[in-house]
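Undergrad: take a look and give me a structure for this.
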Amino acid sequence: MASTVNAAFTEFIRDAVNLDPDETKNARASRDWLVAQIHGFQDKVEGFPVLYTEKDIFFGSFARNTKIRELDDIDIMICMSAQFASYYQYSDHVEIAIPFSTHPLEEYCNTGTYTINSRKIVNKYVSSLKEVPQYEKSEIKRTMEAATLKMTSYPWNFDIVPCFFTKPESDGRDFYLIPDGKGNWKKTDPRKDRDIATIINKAHAGKALKLIRVMKFWNKRHTIPAMPSYLLETMILNYYLYSEASATSEYVNVEIPKLLRYIADKVFEAIYDLKNIQGDLNNLSLEQKQKISIRALDDCCRALEARQYE
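TA: A predicted model of the protein is given here:
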């Protein structure tokens, strides 16, 4: 049994917050097997898009090591070859167009157009996954931008997102184009999320990601409206991005009041994604923001009081 507050936090994080190491190992193995099955579709499934496997990428909190118990979903992006298709950026969406009518992706275009419908692509992934014998008892469906695979053998889902990879734009940046859930496409870049989180975590001696996981556990409490996981993660990364490494304590119980105070203030502000693509992530209502702020301040006071008792 722990005899200090810091030792108690270490046990708590290991046993209640962090993913179980054995489960994580099994999840990665099942993810890799699934990716191998999808790669085989281009040779086995008629009309399945040609893949650009070098640009496949894992994303989401499981990939960034910010996932907490219980493991409920794993995100995968499977990249396809555009085969000379072009994309066009509009104010609220991206369109992808094939260059000629006999293009291999023609069957996925909107009727009477050369514009690729992302829903048709996702639906092809869904129907193809249903042909895998090991998944015949699984629930497979389209969920917004992803083909969601809910297996009976594991407690987690897989969200499989088809994507294209762009050539560099005039500013040198390239992007992934993923379905927007409405038939069109949108830009993203999980490489930026991964790299930013890694850089900030290293700058703070590996403490930032641990604190993100602790605060995600706090966020799950039913006493407050839950913030979207990515919003909370971005807020905490922002905090550590602008904090001096020397000011970061090795003690979790010292850092928690700082983060709670920060959340109480910043929850009312615009929170922009650090990869500079999505804009303001903070879509919480004013009532939700007020409840979160009040709870964070109350818990900050309790955390400080606990330290005084120690």
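Undergrad: which SS state does Asp15 fall under?
TA: Under DSSP: H, G, I helix; E, B strand; the rest coil, the three-state class of Asp15 is helix.
Undergrad: residues contacting it?
TA: Under the criterion of C-beta atoms under 8 Å, 6 or more residues apart in numbering, Asp15 has no neighbours. Quick note: C-beta positions are derived from backbone N, CA and C, even for glycine.
Undergrad: what about it, distance to Pro21?
TA: Note on Asp15: its distance to Pro21, by C-beta to C-beta, to the nearest Å, is 12 Å.
Undergrad: ends of stretch 79-87, how far apart?
TA: 15 Å (C-alpha to C-alpha, to the nearest Å).
Undergrad: how about it: buried residues?
TA: Using 16 or more other C-beta atoms under 10 Å as the test for burial, stretch 79-87 gives 79-82, 85, 87.
Undergrad: please identify which helix or strand holds Glu287.
TA: helix 286-309 (DSSP states H and E).
Undergrad: helices or strands up against the helix or strand bottoming out on mean pLDDT in the chain?
TA: Averaged element by element with mean pLDDT, DSSP states H and E, the chain has its least confident helix or strand at helix 5-12 (a mean of 86). Using 3 or more C-beta pairs under 8 Å, 6 or more residues apart in numbering; DSSP states H and E as the contact test, the elements touching helix 5-12 are helix 252-266.
Undergrad: angle of the helix it packs on against helix 5-12?
TA: Comparing the axes of helix 252-266 and helix 5-12 via axes from the mean of the first three to the mean of the last three C-alpha atoms, to 10 degrees yields an angle of 80 degrees.
Undergrad: how close does the spatially closest residue to Tyr154 that is not a sequence neighbour sit to Thr148?
TA: Nearest residue to Tyr154, sequence neighbours excluded (C-beta to C-beta, 6 or more residues apart in numbering): Ser30, at 6.1 Å. Counting by C-beta to C-beta, the gap from Ser30 to Thr148 is 15 Å.
Undergrad: how about Lys120?
TA: 17 Å.
Undergrad: these two: who's more crowded?
TA: More neighbours surround Thr148 than the other of Lys120 and Thr148, with 20 against 15 (other C-beta atoms under 10 Å).
Undergrad: isn't there a helix covering the more buried one?
TA: No. Checked against three-state DSSP, Thr148 lies outside a helix; its state is strand.
Undergrad: may I have the beta-bridge partners of it?
TA: The partner list for Thr148 in beta bridges (DSSP bridges) reads Lys141, Asp159.
Undergrad: that one against Asp159, yeah?
TA: Yes. Counting by C-beta atoms under 8 Å, Thr148 does reach Asp159; the two are 5.5 Å apart.
Undergrad: quick one: the strands in the stretch 51-200 of the chain?
TA: Ranges of strands in the stretch 51-200 of the chain, per DSSP state E, counting those that start in this stretch, are 57-59, 73-80, 86-89, 94-97, 139-143, 146-150, 157-165, 176-179, 185-188.
Undergrad: so, low pLDDT: which residues of this protein?
TA: Applying pLDDT under 70 to the chain flags residues 245-246.
Undergrad: tell me, what residue is most central in it?
TA: The centroid of the chain falls nearest to Gly60 when counting by C-alpha atoms, centre = their mean (2.3 Å).
Undergrad: shouldn't Tyr240 be in contact with Ala203?
TA: Yes. If you go by C-beta under 8 Å, Tyr240 and Ala203 touch, sitting 7.5 Å apart.
Undergrad: more crowded one of those two?
TA: Legend: neighbour count by other C-beta under 10 Å for Tyr240 and Ala203, higher for Tyr240 (24 against 16).
Undergrad: contact partners for that one?
TA: Shown in contact with Tyr240 (C-beta under 8 Å, 6+ apart): 200, 203-204, 208, 211, 248.
Undergrad: apply 10 Å and report the result again.
TA: Going by C-beta atoms under 10 Å, 6 or more residues apart in numbering, Tyr240 touches 197, 200-201, 203-204, 207-209, 211-212, 247-248, 255, 259, 262.
Undergrad: before we move on, what about Met235?
TA: Neighbouring residues of Met235 by C-beta under 10 Å, 6+ apart: 212, 215, 227, 259, 262-263, 266-267, 269, 271, 281-282.
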